[in-house]
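**Q** Predicted model, plus sequence, below.
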Amino acid sequence: MALDLFSPVKLGAIALKNRMVMAPLTRNRAVAGGLPQAMNVTYYEQRATAGLIISEATPISPMAHGYPALPGIYTDAQVAAWEKVTDAVHAKGGKIVMQLWHVGRISHPSLLPNEALPVAPSAIKPAGKAFTYQGLVDYITPRALVASELPAIVADYVLATKNALAAGFDGVEVHAANGYLLDQFLRDGSNQRTDNYGGSFENRSRLLLEVLLAVIAVAGAGRVGLRLSPVNPFNDMIDSQPQALFSHVVDAINPLNLAYLHVVEGGIHGGGIAAPFDFASLRQRCTSPYMANLSYDKARGNAAIASGHADAVAYGVPFIANPDLVERFKQDARLNQADPKSFYGGSELGYTDYPFLSA
Ligand code: PHB
C-alpha cells in the first residue's frame, strides 16, 4: 500500500505513529520566569495525536528572548514546568521535541537583561517593529557579536539541550529559520562579517555546524532536527544566492545523520518569497528524513508523502484550531477555522477551547 500521512515513520531515533507533525507555534502564554503554565500543558496534551509535536520556539538563554511571555529552557524551574507538558503528551501516546531558539537581532532592550542591545552577526537594523510589553516599537541596530563570544552561545545551546532532555523531550530541533540568529548568520543580507563567520558559504554556515555538533554530542544525532527557511523574507531577510547557499548547508549537514531536516518551503505570514527556489532539488540532496512545511492541506500532504518529496508534513495554523487534526483528516471532517486575534498572547480563549469532533 502506498504511504500516506497516516503511515508510521521513524525520524532518526524518534518513532512517529503518523506523519502529521504539529509545527512550532509561538503563542506567548508563559508566566513570569519563562515558565509554561497549566493551560500550556492542556494545549499540548490536546494535540498529542499528532505523530510529533514540535514545541513553540523556546529561548535558550535570557539574551535569546525577542517577544513577551515566552517560555524558556535555561532554568531548573523551567525544566520542571516543561516536564508537566512532556508527561502529559507521553501519557496520551504522543512524541514531542523542543525547538531551540535564539532570536538574535529580532529583539529589543526592553526584553533583554539589563536593557542589553540585541546581538547579531552584523550591526544591521532589520526593517519592521519589535513586539514588546509596551507594544510595537521600531527595531534598533543590534550589536555585532565578536567571534570570542560565540562559544558561549554554543554552550547555551548545549545547556538548553541537556535541559530539554531532562524535561523529558524526545529530542530537539535547532531553529535556523525565519530570520532568527542562526539564519542571520547564514544569509548575506544580515551577515556582512569579514572573519571566519562571514563571507563564504562555509563561513556563514560555521556557527550552525558548531551548534549542531555540540547539540548532537549531548542528544545523539537521532534526536536532533534542524529547521531552515531558504527564501522566507520574514524579519527582513534576503540572500543573494539562496539555492547555492542552502545546497551547501544540506551537503554540510548530510554527514551528521540528523533525525530530520524541516524546511519552510516559502514565506510565512503571507509574506511571499524572497526569490524563486527549487525545493524538490533541495530535498533530493538531503539524505536525512525531510519534513515539509507551509500551507499543506490533506491532499497536498498525502501527495508529498506518496511521491517521496516528504517523509513527514508539519501543519501550523490547522493544529491551532483543530486539536484532533489527525482524526479530522482521517474522516475528511470539516475543520475549525483559526482566529488570528488570539494567536499571540491571551488566555485559554482561542488556545485550549477549539472543539474536538466529538464535542
Ligand atoms: C512569530 O512569532 O511570528 C514567529 C516566531 C518564530 C518563528 C516564526 C514566526 O520561527
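**A** All right, it came through fine.
**Q** helices or strands next to the longest helix along the chain in the packing?
**A** Across the chain, the helix with the greatest residue count (assigned by DSSP state H) is helix 201-219. Judged by 3 or more Cβ pairs under 8 Å, 6 or more residues apart in numbering; DSSP states H and E, helix 201-219 is in contact with helix 150-166, strand 171-175, helix 181-186, strand 224-228, helix 242-253. Every residue, glycine included, has its C-beta placed from N, CA and C.
**Q** Buried ones in that helix, by neighbour count?
**A** 201, 203-208, 210-212, 214-216, 218-219 (16 or more other Cβ atoms under 10 Å).
**Q** Check stretch 342-351 too.
**A** Neighbour counts over stretch 342-351 (16+ other Cβ under 10 Å) mark 342-343, 350-351 as buried.
**Q** what do you get for stretch 350-359?
**A** 350-352, 354.
**Q** now stretch 323-334
**A** Under the neighbour-count criterion of 16+ other Cβ under 10 Å, stretch 323-334 has 323-326, 328-329 buried.
**Q** Make CSV from those and add pLDDT and secondary structure to it.
**A** Compiled in CSV, the buried residues of stretch 323-334 are given as follows (pLDDT from 0 to 100; DSSP: H, G, I helix; E, B strand; the rest coil):
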residue, pLDDT, secondary structure
323, 98, coil
324, 98, coil
325, 98, helix
326, 98, helix
328, 98, helix
329, 98, helix
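**Q** so how far is residue 32 from residue 204?
**A** Relative to residue 32, residue 204 is positioned 37 Å away (Cβ to Cβ, to the nearest Å).
**Q** Name the nearest residue to the residue of the stretch 251-359 of the chain found nearest the ligand, ignoring sequence neighbours.
**A** Residue nearest to the ligand within the stretch 251-359 of the chain (Cβ to the nearest ligand atom): residue 268, separated by 5.8 Å. Nearest residue to residue 268, sequence neighbours excluded (Cβ to Cβ, 6 or more residues apart in numbering): residue 234, at 5.1 Å.
**Q** I'd say that neighbour and residue 267 touch.
**A** Yes. Assessed by Cβ atoms under 8 Å, residue 234 is found in contact with residue 267 at 6.3 Å.
**Q** thinking again about what came up before, just tell me which of the helices and strands packed on helix 201-219 ends up closest to the ligand.
**A** strand 171-175 (6.2 Å).
**Q** With just CA atoms, put the closest one into PDB.
**A** C-alpha atoms of strand 171-175 as PDB (Å, rounded to 0.1, in the frame of the first residue of the first chain):
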ATOM      1  CA  GLY A 171      14.700  15.400  21.100                       C
ATOM      2  CA  VAL A 172      15.400  19.000  20.000                       C
ATOM      3  CA  GLU A 173      15.000  21.000  16.800                       C
ATOM      4  CA  VAL A 174      17.700  23.600  16.100                       C
ATOM      5  CA  HIS A 175      15.800  26.700  14.800                       C
END
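**Q** how far is it from where the chain is centred?
**A** Centroid separation for strand 171-175 versus its chain: 7 Å, with Cα atoms, centre = their mean, to the nearest Å.
**Q** Now do the buried residues in it.
**A** For strand 171-175, the neighbour count (16+ other Cβ under 10 Å) marks 171-175 as buried.
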